[in-house]
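1. Pasted the sequence and its predicted model underneath.
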Amino acid sequence: MRILYVEDEKYLADAVIHVLNKSGISVDHAADGEEGLNLAVKPIYDAIVLDIMLPKLSGWDILRDLRERKIKTPIIMLSALSQTEDKVKGLNYGADDYLAKPFKTSELVARLRALVRRPALQDDKVISFGDIYYDIKNRTLCDLPLSEKEAEIVETLIKNPEQVQSKEYLLTHVWGSDAVDEDNYVEVYISNLRKKLEKVSTNVKIKTIRGLGYKLCSKSLS
Ligand code: CA
C-alpha cells in the first residue's frame, strides 16, 4: 500500500511515518497544502491522509479540489478539532473517514487497511511506477496522450519495471512478426517516449541496456 500523508507538524509526521513504514505502508509526505495537492492529484496512492490546518492550502481546500476533479482516492481527514460539525463537513465534502487528533497510529493503520479493502474505489486501469502513472484506457502517461504504439511500449515496460525488454520482443509485440527487420522503429519510439518523460519531469527513465534491450527504472534505484 502506498499513501500520501499531508501533515505540517514535523515531529508528528516523522513518528507516524515510522510506524506506517513498519506496518508495510509506504508513505509520501507533503509538509504543506500546496505540495499536498500537487501530489494528491496523481493516481498512484491507495489512500490520502490529510491534515486540516495546513500552510498555503487547508485540508478542506485539497479535499474539495480533488473531489471536484472527480479524483476518488480514499481520504482520511485528520484534525485536532473533534467537533461533530467538522466531521460532518468532511464527510459531506467527500472524505471517506475522519480521525481526531491525537490518535493512535495503530488506529490509523487499521482505518487505512479498511479503506483500501473497499472494492470499487480502486481503479486498476491505472498502473504506476515510481512517480509516473499510465492510464491504460485513455492511453495517457501522466495525463500526456500517447500514440497507439507508444502506449503499447509503455504498457509493456511499466508492467515489468526493472526488467529488461529486448528490442526484438518489443518489436514483435508492438508491430507484429512482420516487422523483424525494422528494429529502428523501437529506437525511434523509445526516443520519443524519453522526450515525453522529460516533459513530465519524473525520476523514472527508460534505460538502454547495451546489447540486451530497455528497462524502466527509477533514478533513485539505478
Ligand atoms: Ca496542522
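-> Happy to help now that I have it. Since the structure is predicted, the reported quantities are computational estimates derived from the model, not experimental observations.

2. Glu152 sits in which helix or strand?
-> If you go by DSSP states H and E, Glu152 is part of helix 148-159.

3. Any buried residues in the helix or strand just after that helix, and which?
-> Using DSSP H and E, the helix or strand that follows helix 148-159 in sequence is helix 167-175. By 16 or more other C-beta atoms under 10 Å, the buried positions in helix 167-175 come out as Lys167, Leu170, Leu171, Val174, Trp175. The C-beta positions use only the backbone N, C-alpha and C, and glycine is treated the same way.

4. again, but for stretch 201-218
-> For stretch 201-218, by 16+ other C-beta under 10 Å, it's Thr202, Val204, Lys205, Ile206, Gly213, Tyr214, Lys215, Leu216, Cys217, Ser218.

5. Could you do stretch 183-195 as well?
-> Applying 16+ other C-beta under 10 Å to stretch 183-195 flags Tyr185, Val186, Tyr189, Ile190, Leu193 as buried.

6. any residues touching it, and which ones?
-> The contact list for stretch 183-195 (C-beta atoms under 8 Å, 6 or more residues apart in numbering) reads 141, 146, 149-150, 153-154, 167-168, 170-171, 174-175, 179, 205-206, 208, 214.

7. Hmm, Ile3 is touching Leu50, no?
-> No: counting by C-beta atoms under 8 Å, Ile3 does not reach Leu50; the two are 10.4 Å apart.

8. The residue of the chain found nearest the ion: what's it in contact with?
-> At 4.0 Å from the ion, Met53 is the closest residue in the chain, using C-beta to the ion. Contact analysis of Met53 by C-beta under 8 Å, 6+ apart lists Asp8, Gly59, Ser79, Ala80.

9. Without its sequence neighbours, what residue ends up closest to the third one?
-> Nearest residue to Ser79, sequence neighbours excluded (C-beta to C-beta, 6 or more residues apart in numbering): Ile52, at 4.3 Å.

10. wait, the one you found sits on Leu78?
-> Yes: the pair Ile52 / Leu78 is scored as a contact, 6.8 Å apart, by C-beta under 8 Å.

11. if I look at these two, which residues touch both of them?
-> Residues touching both Ile52 and Leu78 (C-beta under 8 Å, 6+ apart): Gly59.

12. Would you mind measuring from Ile136 to Glu150?
-> 13 Å (C-beta to C-beta, to the nearest Å).

13. Over to Arg69?
-> From Arg69 across to Glu150, the span is 25 Å (C-beta to C-beta).

14. Neighbour count for these two, which is higher?
-> Glu150 (19 against 10; other C-beta atoms under 10 Å).

15. ok, the more buried one - contacts?
-> Glu150 is in contact with Leu141, Tyr189, Asn192, Leu193, Lys196, counting by C-beta under 8 Å, 6+ apart.
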